[in-house]
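> how does the following fold in three dimensions:
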Amino acid sequence: MDGAIDAVEQATLAYHRGEVRDGTLTDKTAAADPNILQITLAAHDSVVSGFQLFAEIYDGPAVPNARFVTLLDPETRALLAIVDYWSLSPVRVGASGGVAARYLAPDGARVAAVLGSAGQARGQLWAICRGTPSIERAQVFSPTRANREAFAQETGDFLGIDVVAVDSAEQAVRGADVVAIANNARGPVLEWEWVKPGALLVSISGGRLPAAVITGARAVMTTWEQLASREPYAAAVKAGTYSREQAAGDLASVILGQAQPRQRPEDIVSFELGRMSYWAVATAHWAYQWAVNRGAGTQFDLSS
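Sure, this is the predicted structure:
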């Protein structure tokens, strides 16, 4: 995870410097329930090129081999690797949250909260602990008791911290210095009065935070377009009550010291973790190098 966090951070800075090109092709079949194909390219000429491919029926079941990331040599565009999206995603999304925790968590953060108990939640807690080494306790809530208790046991043993399964989202959030929202809820999952002054909120999907976040927190974004497309920001932007100038800045500007999201220790900071294509390619490239160095994975040659 340390390597993945570093890869995402460097990719974020490269994108900020204009060194990354990206673009998306979308196609869908002419059917009552169309299959949607999305291919997103990201290219960094001195490092790697690649694309992420999604093929799915919207809200339909996951199909094997329909989501993957492909890496290409930056100069020849020869195929280097194919990486399964479902294996990579919790690491990629986690690493993105880990970069946020590295630069946005309050000083001396001790307690993390996790809302969710599936793979993305595990990736978030792992990355938050690596990005914020002072974390010594985590409070996890998800609706199914068996799931949250299994999460607490397994992640506590793996991370070497005290992970406690609690009976409500409120119990998880209250007193937490870093709150990771990593579930599939359709609406807000916490009340604003539960949030500790000075905390960091990391949400991997839009619509999970209450409307009070707009005035109650300093928002750090991946891009303005990503922030402005997510609720509750999207509605506020449409209504003319929220503008780019009200956001604290983008993540790269924070890393470079060009933006100071927390003007006072008690300021709450929110990070809306968007899906950036270059993050997927950068994390896949790190995973490819990790595998080559350890003799992992399966080598193949198409010409054979």
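
> okay, how far is it across stretch 159-173, tip to tip?
The straight-line separation of the ends of stretch 159-173 (CA to CA, to the nearest Å) is 20 Å.

> buried residues of it, list them for me.
L159, I161, V163, V164, A165, V166, A169, Q171, A172, V173 (16 or more other CB atoms under 10 Å). From N, CA and C alone the C-beta is placed, and that goes for glycine too.

> in strands, which of those residues fall?
V163, V164, A165 (DSSP state E).

> for T298, see how far away L79 is.
13 Å (CB to CB, to the nearest Å).

> ok, G216 next?
49 Å.

> neighbour-wise, which of the two wins?
G216 (16 against 6; other CB atoms under 10 Å).

> hmm, L25 is touching Q38, no?
Yes - taking CB atoms under 8 Å as the definition, L25 is a contact partner of Q38 at 7.3 Å.

> ok, those two, which is more surrounded?
Neighbours per residue (other CB under 10 Å) separate L25 from Q38, with Q38 holding more: 17 against 11.

> that one in helix, strand or coil?
Of the three states, Q38 takes strand according to DSSP: H, G, I helix; E, B strand; the rest coil.

> kindly report the same for the one 4 residues further on.
For A42, the secondary structure call by three-state DSSP comes out as strand.

> quick check, pLDDT for it.
On the pLDDT scale, A42 is placed at 92.

> next, find the distance separating it from V220.
Distance, A42 to V220, using CB to CB: 21 Å.

> equivalent analysis for T76, please.
Counting by CB to CB, the gap from T76 to V220 is 37 Å.

> these two: who's more crowded?
Counted by other CB under 10 Å, T76 and V220 do not tie: V220 has more neighbours, with 26 against 9.

> distance from whatever helix or strand that one lives in to the middle of the chain?
Here V220 sits within strand 217-221, counting by DSSP states H and E. Centroid separation for strand 217-221 versus its chain: 15 Å, with CA atoms, centre = their mean, to the nearest Å.

> what of stretch 201-218?
Stretch 201-218 has its C-alpha centroid displaced from the chain centroid by 14 Å (CA atoms, centre = their mean).

> now it: mean pLDDT?
92.

> buried ones in it?
Residues of stretch 201-218 classed as buried: 201-206, 208-210, 212-214, 216-218 (neighbour count, 16+ other CB under 10 Å).

> do the same with stretch 172-183
A172, V173, R174, A176, D177, V178, V179, A180, I181, A182, N183.
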